[in-house]
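>>> 3D model of this:
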Amino acid sequence: MSSAAVILADGNFPVHHVPLSYLRDAEHIICCDGSAKNLILTDLEPEAIVGDLDSLDPGIAERFADRLYKDGEQETNDLTKAVRWCINKRYEKIVILGATGKREDHTIGNISLLSEYARETDVIMVTDTGILTPLVKSGVVKCFAGQQVSIFSINPETEITSAGLKYPLNKRRLNNWWEATLNEAEADSFELSFRGGSLIVYLKFGD
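This is a model prediction of the structure:
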């Protein structure tokens with residue numbers, strides 16, 4: 001039976017109640033290498049620890065030797081290795097936590113990878129400020145009225161049209177990352193229409 005999984009990356013450990021609730025209620029928790037140490041401090045245990053295992057505490061490696069999955073492939077990062085592991089397990093939904101913070105280059109890289117993962121699985125990234133959702137085709141995004149929205153286009157040639165946003169997009173091509181940020185939802189959903197490429201939508205948590 002397929003089910004949902006939480007991947008805990010080795011960025012900043014979440015402190016907001018929303019990502020923590022995902023972690024607490026997870027059916028499966030998969031740790032990226034060094035993130036296992038912080039998870040264990042919360043009295044939770046990983047189902048699997050995936051990565052090149054170069055930053056794994058020796059004591060944790062010994063304790064969880066039966067659930068270590070080493071992947072030394074150098075063309076992908078530990079987050080991608082963990083996502084692939086979950087896809088191979090046929091987990092139907094993946095929630096990524098702890099993928100931001102510490103280093104900006106890692107943060108940007110992890111967020112951009114969402115568009116790749118979305119071609120194979122249902123995935124979101126939850127941070128301490130909001131939720132990042134990749135879209136590979138036109139669709140409706142659920143939200144709440146007044147929620148702050150930012151949209152990022154992976155391909156600058158993609159034309160985007162919106163319905164239900166305070167500042168509408170009309171066949172707009174985004175040539176820079178800032179151009180569709182700081183928008184606002186007008187109701188409990190909005191629609192984005194586009195062809196080709198992919199988008200990443202950020203929804204800020206309410207106060």
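>>> what is the mean pLDDT for the longest helix along the chain?
When the chain is scanned for its longest helix (criterion: DSSP state H), the result is helix 104-117. Model confidence over helix 104-117 averages 93 on the pLDDT scale.
>>> after that helix, heading C-terminal, what element do we hit next?
As assigned by DSSP states H and E, the chain's next helix or strand after helix 104-117 is strand 122-126.
>>> within its sheet, name the partner strands of the helix or strand that comes right after that next one and how each one runs.
Downstream of strand 122-126, the first helix or strand assigned by DSSP H and E is strand 130-135. With DSSP bridges as the test, strand 130-135 is paired with strand 122-126 (antiparallel), strand 199-204 (antiparallel).
>>> that older thread, what's the longest helix of the chain packed up against?
With contacts defined as 3 or more C-beta pairs under 8 Å, 6 or more residues apart in numbering; DSSP states H and E, helix 104-117 has these neighbours: helix 78-88, strand 93-97, strand 122-126, strand 130-135, strand 199-204. Where C-beta positions appear, they are placed from N, C-alpha and C, glycine not excepted.
>>> and those, which one averages the lowest pLDDT?
Among the helices and strands packed on helix 104-117, helix 78-88 scores lowest, with a mean of 94.
>>> now do the buried residues in that helix.
By neighbour count on 16 or more other C-beta atoms under 10 Å, the buried set for helix 78-88 is Asp78, Leu79, Thr80, Lys81, Ala82, Val83, Arg84, Trp85, Cys86.
>>> alpha carbons of stretch 166-184, as PDB, please.
Below are the C-alpha coordinates for stretch 166-184, written out as PDB (Å, rounded to 0.1, in the frame of the first residue of the first chain):
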ATOM      1  CA  LYS A 166      -4.500  40.700  -6.500                       C
ATOM      2  CA  TYR A 167      -1.900  41.500  -9.100                       C
ATOM      3  CA  PRO A 168      -2.800  39.400 -12.200                       C
ATOM      4  CA  LEU A 169      -0.400  37.900 -14.600                       C
ATOM      5  CA  ASN A 170      -1.500  37.900 -18.300                       C
ATOM      6  CA  LYS A 171       0.800  35.800 -20.500                       C
ATOM      7  CA  ARG A 172       3.600  37.100 -18.400                       C
ATOM      8  CA  ARG A 173       7.200  35.800 -18.900                       C
ATOM      9  CA  LEU A 174       9.300  36.000 -15.700                       C
ATOM     10  CA  ASN A 175      12.800  37.100 -16.600                       C
ATOM     11  CA  ASN A 176      13.900  37.400 -13.000                       C
ATOM     12  CA  TRP A 177      13.000  35.700  -9.700                       C
ATOM     13  CA  TRP A 178      11.600  38.800  -8.000                       C
ATOM     14  CA  GLU A 179       9.000  39.600 -10.800                       C
ATOM     15  CA  ALA A 180       6.100  37.600  -9.400                       C
ATOM     16  CA  THR A 181       6.800  37.800  -5.700                       C
ATOM     17  CA  LEU A 182       4.800  39.500  -3.000                       C
ATOM     18  CA  ASN A 183       1.400  38.900  -4.600                       C
ATOM     19  CA  GLU A 184      -1.800  38.100  -2.700                       C
END
